[in-house]
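> all I have is the shape, not the residue letters:
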């Protein structure tokens with residue numbers, strides 16, 4: 001199974017949280033989430049919502065940090081996503 005996702009931070013977080021049962025579960029699993037810049041929102045002249053918070057290698061670390069913070073009260077739920 002192949003999963004494609006926009007590289008925007010909120011899209012990556014939503015993808016990982018929404019697919020958590022397939023990423024961490026027993027049985028058929030998603031092994032890789034491919035970030036595709038062609039799936040980004042179209043930038044408009046004044047919009048800041050289509051600019052990523054992190055770029056390149058910092059994206060993975062940033063997403064891990066925010067997911068760990070989100071699941072601070074249940075770190076075992078964040079572990080498979082990070």
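Alright, I've got the coordinates. Remember, predicted model here, so these are calculated numbers, not experimental data. Numbers count the residues shown, from 1 in each chain.

> only C-alpha atoms from now on, for both contacts and neighbour counts.
OK.

> for the protein, which segments count as helices?
9-18, 20-24, 57-70, 75-78 (DSSP state H).

> closest to residue 30 out of those?
helix 20-24 (5.1 Å; C-alpha to C-alpha).

> tell me how far residue 65 lies from residue 29.
Here residue 65 is placed at a distance of 23 Å from residue 29 (C-alpha to C-alpha, to the nearest Å).

> circling back to that earlier point, to residue 35, which of the helices of the chain lies closest?
So among these, helix 9-18 is nearest, using C-alpha to C-alpha, at 8.1 Å.

> okay, the angle between the closest one and helix 57-70?
Per axes from the mean of the first three to the mean of the last three C-alpha atoms, to 10 degrees, the angle that helix 9-18 makes with helix 57-70 is 50 degrees.

> contact partners of helix 9-18?
Defining contact as C-alpha atoms under 8 Å, 6 or more residues apart in numbering, one finds that helix 9-18 is touched by 5-6, 23, 52-54, 59, 63, 67, 81.

> residue 22 against residue 32, yeah?
No: if you go by C-alpha atoms under 8 Å, residue 22 and residue 32 don't touch, sitting 10.6 Å apart.

> before we move on, the earlier item: make JSON lines out of the helices of the chain and add mean neighbour count, distance to residue 37 and mean pLDDT.
Shown next, in JSON lines, are these (neighbours: other C-alpha atoms under 10 Å; distance: least, C-alpha to C-alpha, whole Å; pLDDT from 0 to 100):
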{"stretch": "helix 9-18", "mean neighbour count": "16", "distance to residue 37": "12", "mean pLDDT": "87"}
{"stretch": "helix 20-24", "mean neighbour count": "16", "distance to residue 37": "22", "mean pLDDT": "80"}
{"stretch": "helix 57-70", "mean neighbour count": "15", "distance to residue 37": "13", "mean pLDDT": "84"}
{"stretch": "helix 75-78", "mean neighbour count": "16", "distance to residue 37": "25", "mean pLDDT": "79"}
